[in-house]
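A.B. asks: one predicted model, sequence on top.
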Amino acid sequence: MNIDIVSTQFIKPSSATPSHLKKFRLSFLDQCMPAHFYPLIFYYYYDETSNITQSTMRFRLKSSLSDALTQFYPLAGRMEGQSFVDCNDQGVKYLETRVDSRLSDIIEFPQVAVLDQLIPYNLSDACMLKAEEQLAIQVNLFNCGGIVLGTCISHRIADACTLSNFMNSWAAIACGKSNIVFPSFNSAVMFPPRDYSLSSMTDAKNQVVIPPVDRLVTKRFIFTASAISALKANAAETLQPTRVEIVTAFIWKCVMKKGKASAVFHPVNLRCRMVPPLPTHFFGNMFQMASAVISGQEAQDYELSFLVNELRSAFAKINSEHAKELLGKDGYEFAINNFKNIGKLMSQKDMKVLRCTSWCRFPIYEADFGWGKPCWVSSASFPTKDTIILLDSRQTSGIEAWVIMEEQDMAEFEQHHDLQEYVSSYPEKEKTSVSE
């Protein structure tokens, strides 16, 4: 596949950000985040019955993005220190490419190395830690008429819920809709940023930093609706696990080694756990990490039902009382300790730590810019080992697990007998298990 960059520019807000909004304060939850970008890619087939051409698509994307950035103005700014974004309207990095390939070939037989070419940044490049922009977008125009939007957003300013809201608002503006819900920027009021020079903040950041690994492998594993139902049947019927619970527990079980301790960290959205609940369009990083740990002495061939219970108990601890602690006078220290736990466990010898995240149920498949909803939404490679990203699959009620591991660990993981029974990761199976 040949990709040629046609243009590179910065798209600025269509209206200047007012002076009183020029300094966007991060919350202390934002300050806890690592300085990395995460990818999300949206794929659109060309509708031959439509009058919309790629030329129209290009114009609509640019003009509507400029309007969207007027409402999501921090995304067009630049990070200033560790507590503010300077909303100077410098804009979002925006690339256009021409792709000498058919979109259907990529979707039916996806290769991570190819998908990485559809996003604007090389996320494994250490220089990305110093990137100033908050958001970058790559518009890939295919010979067949299809179009792919590759996005990379800084985790210092936004979580997956915020990115999903942005994409849907951008799409709604492109379609000329009027009933658009724009973001709420009150995170720093609820969780005021702290002086980054404080040692506790510095220590927390150091605790979560993960050393680079030379040979990381990213692979996609598809759990169809029928496979998920079969896994649920293997757990106790009284549990009624969710899709995310059962898939996370299953992957954890496949990674476990007897006699070796293991832990799973999973973000939990705080918006619905606050009292009163916050709206879904609440901007920023609004989550805390749930953790489930099994010691080396306990590690054995656990039943799925046990692991589901461990995860559910961990999720349940991120509740309204947890949210109340965050809002209290010691909320900052409470949040920092939540993230420090990751580093503490990672520093333990013979401890296997999985960092999981679920973007399931976020309305990422609703981003219709006027030429239909995406036929697929995917991740790409990610530079952090032992990371699991769960996404809704193209098939109804299925899940795609994007797994990032060291080469040797991935080889062992793929050979697990249970994994081979329940999932598909190979092209010849993907075509039959993922419908158009």
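C.D. replies: All right, it came through fine. Residues are numbered from 1 along each chain as shown.

A.B. asks: OK, contacts around Ser164?
C.D. replies: Going by C-beta atoms under 8 Å, 6 or more residues apart in numbering, Ser164 touches 359, 362-364. (Each C-beta comes from the backbone N, C-alpha and C, glycine too.)

A.B. asks: now with 7 Å?
C.D. replies: Residues in contact with Ser164 (C-beta atoms under 7 Å, 6 or more residues apart in numbering) are 362-364.

A.B. asks: buried ones from those, can you make that a ChimeraX selection?
C.D. replies: Remark: buried members of those, expressed as a ChimeraX selection using 16 or more other C-beta atoms under 10 Å:
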select :362,364
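
A.B. asks: between the contacts of Ser164, which is nearest Ile106?
C.D. replies: Ile364 (18.0 Å; C-beta to C-beta).

A.B. asks: circling back: as JSON lines, the contacts of Ser164 with distance to Gln288 and pLDDT would be great.
C.D. replies: Listed next are the contacts of Ser164 as JSON lines, based on distance: C-beta to C-beta, whole Å; pLDDT from 0 to 100:
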{"residue": "Phe362", "distance to Gln288": "17", "pLDDT": "96"}
{"residue": "Pro363", "distance to Gln288": "22", "pLDDT": "96"}
{"residue": "Ile364", "distance to Gln288": "22", "pLDDT": "96"}
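
A.B. asks: and the contacts of stretch 251-264?
C.D. replies: Residues outside stretch 251-264 that contact it (C-beta under 7 Å, 6+ apart): 248, 291-296, 299-300, 302, 304, 307, 311, 345, 350-354, 356, 388, 401, 413, 416, 418-419.

A.B. asks: now list the buried members of those.
C.D. replies: Among those, those buried by neighbour count (16+ other C-beta under 10 Å) are 248, 291-294, 296, 299, 302, 304, 307, 311, 345, 351-354, 356, 388, 401, 413, 416, 419.

A.B. asks: so which residue is dead centre in this structure?
C.D. replies: The residue lying closest to the centre of the chain (C-alpha atoms, centre = their mean) is Ala160, at 4.9 Å.

A.B. asks: where does it fall, phi/psi-wise?
C.D. replies: phi -70, psi -30 (degrees, to the nearest 10).

A.B. asks: disregarding residues adjacent in the polypeptide, which is nearest to it?
C.D. replies: Computed as C-beta to C-beta, 6 or more residues apart in numbering, the closest residue to Ala160 that is not its neighbour in sequence is Trp359, at 4.7 Å.

A.B. asks: identify the residues contacting Ala235.
C.D. replies: By C-beta under 7 Å, 6+ apart, the neighbours of Ala235 are 241, 246, 304-305, 308.

A.B. asks: what about stretch 376-388, how long is it end to end?
C.D. replies: For stretch 376-388, the first-to-last residue distance is 19 Å (C-alpha to C-alpha, to the nearest Å).

A.B. asks: now stretch 252-269
C.D. replies: So stretch 252-269: terminal residues 21 Å apart, C-alpha to C-alpha.

A.B. asks: so what's the nearest residue to Gly146 once chain neighbours are set aside up against?
C.D. replies: Distances taken as C-beta to C-beta, 6+ apart place Leu103 nearest to Gly146, at 3.3 Å, with adjacent residues excluded. Leu103 is in contact with 43, 45, 142, 144, 146, 148, counting by C-beta under 7 Å, 6+ apart.

A.B. asks: rerun that using 8 Å as the cut-off
C.D. replies: Each residue near Leu103 by C-beta under 8 Å, 6+ apart is listed here: 43, 45-46, 142, 144, 146, 148.

A.B. asks: pLDDT value on it, please?
C.D. replies: Note on Leu103: pLDDT of 95.

A.B. asks: now swap in Ala171 and tell me
C.D. replies: For Ala171, pLDDT reads 98.

A.B. asks: just the one 5 residues further on next, same as before
C.D. replies: Reading off the confidence values, Gly176 has pLDDT 95.

A.B. asks: can you read off the backbone torsions of Lys352?
C.D. replies: The phi and psi values for Lys352, taken as degrees, to the nearest 10, are phi -100, psi 120.

A.B. asks: isn't it right up against Asp386?
C.D. replies: Yes: look at Lys352 against Asp386 with C-beta atoms under 8 Å: they come within range, at 7.2 Å.

A.B. asks: returning to what we had before: ok, of the contacts of Ala235, which one's closest to Ser229?
C.D. replies: Ile246 (9.4 Å).

A.B. asks: for the closest one, the count of nearby residues, please.
C.D. replies: A count of nearby residues for Ile246, using other C-beta atoms under 10 Å, gives 28.

A.B. asks: then Glu96?
C.D. replies: 18.

A.B. asks: so it sits in a strand?
C.D. replies: Yes: applying DSSP: H, G, I helix; E, B strand; the rest coil, one finds Glu96 inside a strand.

A.B. asks: next one: it relative to Asn168, how far apart?
C.D. replies: Here the criterion is C-beta to C-beta, to the nearest Å. By it, Glu96 lies 22 Å from Asn168.

A.B. asks: Met351 too?
C.D. replies: Distance from Met351 to Asn168, by C-beta to C-beta: 39 Å.
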